[in-house]
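[1] A predicted structure for the sequence below; I have some questions about it.
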Amino acid sequence: MTDRAADSSQSFVTDSDTATETKASGGAMLKAVGFAAKHSFSNLKRFEFERMPARADEVEIEILFCGVCHSDIHQVKNEWSNTVYPCLPGHEIVGRITRIGSAVTRHGIGDLVGVGCMIDSCGACGPCRAGDENYCEGPNSWLATYNGPMVPAAKRRVVSIPMVGIIPMAVIPTTWW
Amino acid sequence: MKEKFLLNIPTTLRPEVAAPILCAGATTYSPLKHWGVKAGHNVGIVGFGGLGHLASKIAKAMGAEVTVFTHTKEKLEEANDFGISAVLEKDEKAMQGLTARFDFILSTIPQKHDLNPFIALLKRDCTLCVVGALEPLEPVNNMQVAFHRKAIAGSLIGNLADTQEVLDFCAKHEIGPDIELINIEEVNDAYDKVEQADVRFRYVINMASLKGAER
């Protein structure tokens, strides 16, 4: 992790947690790069960081295209009062799978896939069971691709979706998450 | 990234065109579907930007008669180019002529705005749904809402199933957003233009440009 990202992550993840997760996932941290804003008044600039390798039920993706939505701007400028910096916006993502975890069954390397506004939800509440993940009533609601402090359930998930709550998703090119 | 939250990109959609469907498409398709928009319905779309232009295409592909409301004169013709009729919000005469006309209205304006002029345009028992603004809006006059049992509603993005469905729907009907591809170093300028409503209609970043981006 870069120093800044490590600093920002402290509210969610301790160093020991990160180290444990890295070991458990059996791979080295992945280098990633994107464009991030350091503050609400900053322009987006090139930003290098690291992410966890894919766990069993996860994939790694190389991002090919990312749409620019007005809500990215709301997020970058902290207009919803929940932005965590540095902020790497973007939630209209299309890319190719570069690596799959051992429990991934419906996708293979090279598949063209999309990632939209959310990347996780509690999976246990009424709305989630009814297929309305975007209305998740879990303790932390659904996990937005955008950025922000919404973190589903266990701390473990925070670590396993590297940088989530810190630099979620976004304009990450050769990207890994 | 959890496999469960991945969407499949239909082979007939260009990947750069598919990207905005993941948010703009899902956010507008989901309420259009939820409130049962179907062939023959009159549907109003407030705002003709990234969300609004895609919502118009989707509603039209569902068979609805679509009218766009905009405050930008140039967009009247641009909507017509899509085969969609458009009305200037400030054109009181045109607005009055549409009283009690619509089965469903979707507002895509991404900031505080006044819903009252549009409530009058709904039929009895019909809904105006707001998806663009996540903040306090101008006060609603409930006299207008109550008199014909109308509803003001909100909707947030789309669930996974709807998001996959709108990708497949767009592929099937051969529709998608009008996009302008940019390099990542242009993203700050693109943000300014989006805020000034000076984009037609969605910027998409070609991530291959990151390799050449200045360190």
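    Sure thing, it's come through. Numbers count the residues shown, from 1 in each chain, chains lettered A, B, ... in the order given.

[2] Please compute how far stretch B:132-152 lies from its chain's middle.
    How far stretch B:132-152 lies from its chain's middle: 19 Å, per Cα atoms, centre = their mean, to the nearest Å.

[3] got the buried residues for it?
    B:132-133, B:137, B:144-145, B:150, B:152 (16 or more other Cβ atoms under 10 Å in any protein chain shown). All C-beta spots, glycine's among them, are computed from the backbone N, C-alpha and C.

[4] got the phi/psi numbers for A:Gly67?
    phi -70, psi 160 (degrees, to the nearest 10).

[5] Would you format the buried residues of stretch B:132-152 as CSV with distance to A:Leu64, pLDDT and secondary structure included?
    Listed next are the buried residues of stretch B:132-152 as CSV, based on distance: Cβ to Cβ, whole Å; pLDDT from 0 to 100; DSSP: H, G, I helix; E, B strand; the rest coil:
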residue, distance to A:Leu64, pLDDT, secondary structure
B:Gly132, 27, 88, coil
B:Ala133, 31, 90, coil
B:Leu137, 37, 95, coil
B:Gln144, 47, 94, helix
B:Val145, 45, 97, helix
B:Lys150, 43, 98, coil
B:Ile152, 39, 98, strand
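
[6] nearest to B:Met62, of those residues?
    Checking these against B:Met62 by Cβ to Cβ gives B:Gly132 as the nearest, at 19.7 Å.

[7] Now do that closest one against A:Val113, distance only.
    According to Cβ to Cβ, to the nearest Å, B:Gly132 stands 27 Å off from A:Val113.

[8] Same check on A:His39?
    Counting by Cβ to Cβ, the gap from A:His39 to A:Val113 is 32 Å.

[9] With B:Ile84 instead?
    From B:Ile84 to A:Val113 the distance is 31 Å (Cβ to Cβ).

[10] again with B:Pro110
    27 Å.

[11] Just confirm B:Leu134 contacts A:Trp80, I think it does.
    Yes: contact status for B:Leu134 versus A:Trp80: in contact at 6.7 Å, counting by Cβ atoms under 8 Å.

[12] okay, and the common contacts of the two?
    Taking Cβ atoms under 8 Å, 6 or more residues apart in numbering or on different chains as the contact rule, B:Leu134 and A:Trp80 both touch A:His74.

[13] element containing residue 32, please.
    This is for chain A. strand A:30-36 (DSSP states H and E).

[14] hm, I was asking about chain B
    B:Leu32 belongs to helix B:26-34, assigned by DSSP H and E.

[15] Show me what counts as buried in that helix.
    Buried, per 16+ other Cβ under 10 Å, within helix B:26-34: B:26-33.

[16] sorry, back to before: between B:Pro110 and A:Val113, which is the more surrounded one?
    Shown here are B:Pro110 and A:Val113; by other Cβ atoms under 10 Å in any protein chain shown, B:Pro110 has more neighbours (25 against 21).

[17] Run through the helices of chain B in chain order.
    B:15-20, B:26-34, B:50-61, B:73-81, B:92-96, B:116-119, B:142-147, B:160-173, B:187-195 (DSSP state H).

[18] Residues contacting the first one, please?
    To tie it back to what came earlier, the one meant is helix B:15-20. Outside helix B:15-20, the residues that touch it by Cβ under 8 Å, 6+ apart are A:64-67, A:69, A:92-94, A:112, A:114, B:9-10, B:50, B:54, B:167, B:170, B:176-177, B:179, B:181, B:202, B:204, B:206.

[19] cool, the last one as well?
    With contact meaning Cβ under 8 Å, 6+ apart, helix B:187-195 is reached by A:35, A:43-44, A:68, A:70, A:72-73, A:76, A:171, B:49-50, B:182, B:199, B:203, B:205.

[20] let's go with 10 Å and repeat that
    A:35, A:37, A:42-45, A:66, A:68-70, A:72-73, A:76-77, A:89-90, A:171, B:49-50, B:110-111, B:180, B:182-184, B:186, B:198-200, B:202-205, B:209, B:213 (Cβ atoms under 10 Å, 6 or more residues apart in numbering or on different chains).

[21] Paired strands for the top strand by length along chain B, with orientation please.
    Identified as the longest strand of chain B according to DSSP state E is strand B:122-130. Using DSSP bridges, the strands paired with strand B:122-130 are strand B:102-107 (parallel), strand B:151-154 (parallel).

[22] Just say which of those strands is most tucked in.
    Across the strands paired with strand B:122-130, averaging neighbours per residue (mean count of other Cβ atoms under 10 Å in any protein chain shown) puts strand B:102-107 on top, at a mean of 25.

[23] send the alpha carbons of that strand over as PDB?
    Output in PDB follows, covering the C-alpha atoms of strand B:102-107 (Å, rounded to 0.1, in the frame of the first residue of the first chain):
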ATOM      1  CA  PHE B 102     -48.700  10.700 -18.300                       C
ATOM      2  CA  ASP B 103     -48.800   7.200 -16.900                       C
ATOM      3  CA  PHE B 104     -45.300   7.500 -15.400                       C
ATOM      4  CA  ILE B 105     -42.700  10.200 -15.100                       C
ATOM      5  CA  LEU B 106     -39.000   9.700 -14.300                       C
ATOM      6  CA  SER B 107     -36.900  12.500 -13.000                       C
END
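
[24] If I take that strand and helix B:50-61, what angle do their directions form?
    Calculated by axes from the mean of the first three to the mean of the last three Cα atoms, to 10 degrees, strand B:102-107 forms an angle of 160 degrees with helix B:50-61.

[25] Figure out how far strand B:102-107 is from the centre of its chain.
    11 Å.

[26] what angle do it and helix B:26-34 make?
    Using the same axes, to 10 degrees: strand B:102-107 against helix B:26-34 is 160 degrees.
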